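Q: could you look at this predicted model? Sequence included:
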Amino acid sequence: MFRKLYEWVMRLAASRHAPASLAAVSFAESSFFPIPPDVMLAPMVLARREKAFLYAGICTIASVIGGLLGYAIGVFLEPVGMFILSIFGHPEGREEFQHWFDQYGLAVILAKGLTPIPYKLVTITAGFARFDLFTFIWASVLTRGVRFFAVAAILKYAGPAMLAEFERRMTLYSILLLVLLIGGLVAVKVFF
């Protein structure tokens with residue numbers, strides 16, 4: 001199963017539709033979609049390493065624009081925002097994140113924008129908190145850019161060796177990734 005999914009993603013990553021798909025996933029992930037863009041970015045960089053930084057740029061721009069949608073959901077569509085937060089395990093997320101923004105402000109965006117914690121939690125609650133939009137934008141550009149360009153750089157320069165190792169032990173690494181994702185979701189639910 002993992003092999004077929006892997007081969008499908010690698011084919012898509014090498015196709016002419018890959019940049020548009022990456023932009024769509026990056027945009028959607030910042031406001032409502034559960035799958036992070038790294039799932040598309042990594043195989044795309046491995047398939048076409050010469051375009052690594054172009055792909056990271058697409059990912060960053062689309063993610064920030066999607067973040068603006070998340071912010072708008074928090075400002076104008078509070079019931080929708082509350083529904084999205086509840087789906088991700090934060091039914092009382094508005095109060096919880098409002099406290100975080102009141103206490104830490106910019107640090108919330110900087111810390112969560114760099115981590116695999118779902119960025120939509122930050123974007124929607126920044127809208128709830130009516131966090132300064134200009135600061136929200138530049139912090140999003142900075143944190144998302146650092147994250148995606150770092151992923152692209154690592155894969156561009158160390159990718160072939162990493163890819164060969166991954167293909168040799170695909171099942172093991174897929175299970176480890178699944179355990180890490182579940183552990184991350186549990187940690188988010190427990191600590192945030």
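A: That came through fine.

Q: count of residues packed around the residue nearest to Thr135 when sequence neighbours are not counted?
A: Distance criterion CB to CB, 6 or more residues apart in numbering; nearest residue to Thr135, sequence neighbours excluded, is Leu106 at 6.1 Å. Glycine gets a C-beta too; all of them are placed from N, C-alpha and C. The number of residues packed near Leu106 is 14, by other CB atoms under 10 Å.

Q: over to the one 4 residues further on?
A: The local packing of Leu110 (other CB under 10 Å) involves 16 other residues.

Q: which helix or strand contains it?
A: Element membership for Leu110, per DSSP states H and E: helix 106-114.

Q: list the contacts of the residue nearest to Gly145 when sequence neighbours are not counted.
A: Spatial nearest neighbour of Gly145, chain neighbours left out: Thr60 (4.5 Å); criterion: CB to CB, 6+ apart. For Thr60, the contact set (CB atoms under 8 Å, 6 or more residues apart in numbering) comprises 26, 141, 144-145, 148-149.

Q: show me what counts as buried in the helix or strand Thr60 falls within.
A: Remark: Thr60 resides in helix 52-76, with elements defined by DSSP H and E. Buried residues in helix 52-76, counted by 16 or more other CB atoms under 10 Å: 52, 55-56, 58-71, 73-75.

Q: now the residue nearest the centre of the chain, what's its secondary structure?
A: Nearest to the mean C-alpha position of the chain, by CA atoms, centre = their mean, lies Pro36 at 3.9 Å. At Pro36, secondary structure determined by DSSP: H, G, I helix; E, B strand; the rest coil is coil.

Q: per-residue pLDDT, it?
A: pLDDT recorded at Pro36 is 79.

Q: name the nearest residue to it, ignoring sequence neighbours.
A: Glu29 (5.6 Å).

Q: ok, the one you found - contacts?
A: Going by CB under 8 Å, 6+ apart, Glu29 touches 35-37, 63, 66, 118-120.

Q: 10 Å instead, please
A: Residues in contact with Glu29 (CB atoms under 10 Å, 6 or more residues apart in numbering) are 35-40, 59, 62-63, 66-67, 70, 118-120, 123.

Q: Ala152 now?
A: Taking CB under 10 Å, 6+ apart, one finds 41-42, 44-45, 49, 51-57, 59-60, 159 in contact with Ala152.
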